[in-house]
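Colleague: Predicted model and sequence below, questions to follow.
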Amino acid sequence: MILDLATGCYLDRPPTAVKRVGDVFGVEDDRIAYEIYGEPNQDDLDPPKLLHATTVLHPGSVDGRPFMTRGHFHVKPERGELVLTLAGEGVLLLVDRQGETRQERMTKGSIHDVDGRWGHRVVNVGTEPLAFFVAWMSDCGHEYGAIPFPDLRAGR
């Protein structure tokens, strides 16, 4: 695989997934919110292995809410995730199972060590695509849909 560090795209393969605004926000909107490049989730590998991918999260908004990833918890909380910001500006939103939240600013070169006990999603707060590299263990398991939407609209 060859990764373009400026764009977050793998040059020698197409996206493994494309998420549309409707997939993330549950509205009728066919715009592309983000693409994922690299390896798809492979929860059943034996033995588990380290997987990696990039996400290119586009700028935009729905009802004043900026584009964001779907977000997830890890089924195995002892399995974390490493995030490296390649381009753009964003926020890594973290929430634990009790509802406590944290935010980490994402800028080019920032590295985020996500504790597997924290659910996480990424928000593009800039005007350019936000590209980031992620590495995780294949057996971490992904629980989607359990993270509430933050209200990041201006003035709230």
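Modeller: Nice, I can see it.

Colleague: Relative to Glu104, how far out is Asp4?
Modeller: Computed as Cβ to Cβ, to the nearest Å, the Asp4 to Glu104 distance reads 24 Å. Any C-beta I mention is one placed from the backbone N, CA and C, and that applies to glycine too.

Colleague: Looking at the two, which is more packed in?
Modeller: Ranked by neighbour count (other Cβ atoms under 10 Å), Asp4 and Glu104 place Glu104 first, with 17 against 14.

Colleague: my guess is that one meets Gly90, correct?
Modeller: No - in terms of Cβ atoms under 8 Å, Glu104 does not count as a neighbour of Gly90; the distance is 9.4 Å.

Colleague: how about low-confidence regions in this protein?
Modeller: By pLDDT under 70, the weakly predicted segments of the chain are 41, 146-156.

Colleague: Now do the strands in it.
Modeller: According to DSSP state E, the chain carries its strands in the segments 17-20, 32-38, 50-57, 61-62, 65-66, 72-74, 81-87, 90-95, 101-106, 111-114, 119-124, 130-137, 142-144.

Colleague: In the first one, which residues are buried?
Modeller: Right, the one you point to is strand 17-20. Under the neighbour-count criterion of 16 or more other Cβ atoms under 10 Å, strand 17-20 has Lys19 buried.

Colleague: That one: how far from the chain's middle?
Modeller: Centroid separation for strand 17-20 versus its chain: 12 Å, with Cα atoms, centre = their mean, to the nearest Å.

Colleague: For it, name the packing helices and strands.
Modeller: In terms of contacts (3 or more Cβ pairs under 8 Å, 6 or more residues apart in numbering; DSSP states H and E), strand 17-20 is packed against strand 32-38.

Colleague: Please list the outside residues in contact with the strand it packs on.
Modeller: 1, 8-10, 13-21, 23-24, 51-58, 60, 67-69 (Cβ atoms under 8 Å, 6 or more residues apart in numbering).
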